[in-house]
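>>> Sequence and predicted structure below; questions after.
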Amino acid sequence: MSWFVSALPDARRLRFLSRVCLLAISCWIALPAQGETVAPSSASRDSRAEAQRAVPLADLRPEVAREIHQIVSNAAMYRRLPVVSGVCDPDLFVFWVRNPDVIVGIWEQMGVTQISMRRTDEFRFDASDGAGTTSSLELVYSTPNLHLFKGTGFYEGGLIKRPVRGDCVVLLRNEFRGERVVCRMDVFVSLEQAAVEVVAKTLQPLFVRYADLNFVETMDFVERLS
């Protein structure tokens, strides 16, 4: 195939190689997954308190620490997603956590998502889910084993009558055990006071269901790529 690829003009060569890569990725995705759920999701008081203690407030800039503390302390919704495990190269895993737009970009090219994500700064991203939610996301702290995101989002759609703003903190912790990585994600969501009750009744069941499912499937996808 090498002689055929080298004979193509530059633009056609790039498109051809892109399609070959996407075809290869699609074949990998068809293979059986080796990922597994280590522990179920939780919204217990103990999980919440443990996650709050794990937030590295002392290592953040004072103004960022205040914002994070405010969201975590006043979160209307809290969720520890299922703890998942999969085979993944440690350096590659950390790269994908710090560059989520790369994963979303692959999904976009494959035509398997309505989510779009664009980098606006070194560790800042704007995103849209194509269903009424737009958000900005910032990676405010990251080590090989702990990553802290802060986000602000707006929802405007048919489920509720008026636009709603929410702020969130996402704490992702990962532990490498040989070839496997075990991931634990805690999510805190703070809402406008006037929207807390209506969102709890309408959006929270959807949030819980799809957050759990998306986290497990994303880890599955990362394992296949690795």
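Structure's in. What do you need? Numbers count the residues shown, from 1 in each chain.

>>> Please make it C-alpha for all contacts and neighbour counts, starting now.
Fine.

>>> list the buried ones in the top helix by length along the chain?
The helix that spans the most residues within the chain, counting by DSSP state H, is helix 204-225. In terms of neighbour count (16 or more other CA atoms under 10 Å), helix 204-225 has its buried residues at Val208, Ala211, Asp212, Phe215, Val216, Met219, Asp220, Phe221, Val222, Glu223, Arg224, Leu225.

>>> Among those, which one sits closest to Val38?
Val216 (10.7 Å; CA to CA).

>>> Note down every partner strand of the helix or strand that Val189 is a member of and its orientation.
Under the criterion of DSSP states H and E, Val189 resides in strand 180-191. Here strand 180-191 is paired, per DSSP bridges, with strand 77-80 (antiparallel), strand 83-87 (antiparallel), strand 164-177 (antiparallel).

>>> Let's test this: mean pLDDT of that strand, rounded?
If you average the pLDDT over strand 180-191, you get 92.

>>> that older thread, how about the longest helix of the chain as CSV, C-alpha atoms only?
What follows is helix 204-225, C-alpha atoms only, in CSV (Å, rounded to 0.1, in the frame of the first residue of the first chain):
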residue,chain,number,x,y,z
GLN,A,204,-31.3,14.6,37.8
PRO,A,205,-32.6,11.1,36.8
LEU,A,206,-31.2,11.7,33.3
PHE,A,207,-28.0,13.0,34.7
VAL,A,208,-27.5,10.0,36.9
ARG,A,209,-28.3,7.5,34.1
TYR,A,210,-26.2,9.0,31.3
ALA,A,211,-23.3,10.1,33.5
ASP,A,212,-22.8,6.5,34.7
LEU,A,213,-23.2,5.1,31.2
ASN,A,214,-21.0,7.6,29.5
PHE,A,215,-18.2,7.2,32.0
VAL,A,216,-18.1,3.4,31.6
GLU,A,217,-18.3,3.6,27.8
THR,A,218,-15.6,6.3,27.6
MET,A,219,-13.2,4.1,29.6
ASP,A,220,-14.1,1.2,27.3
PHE,A,221,-13.2,3.4,24.3
VAL,A,222,-9.9,4.6,25.8
GLU,A,223,-8.9,1.0,26.5
ARG,A,224,-9.6,0.0,22.9
LEU,A,225,-7.5,2.9,21.6
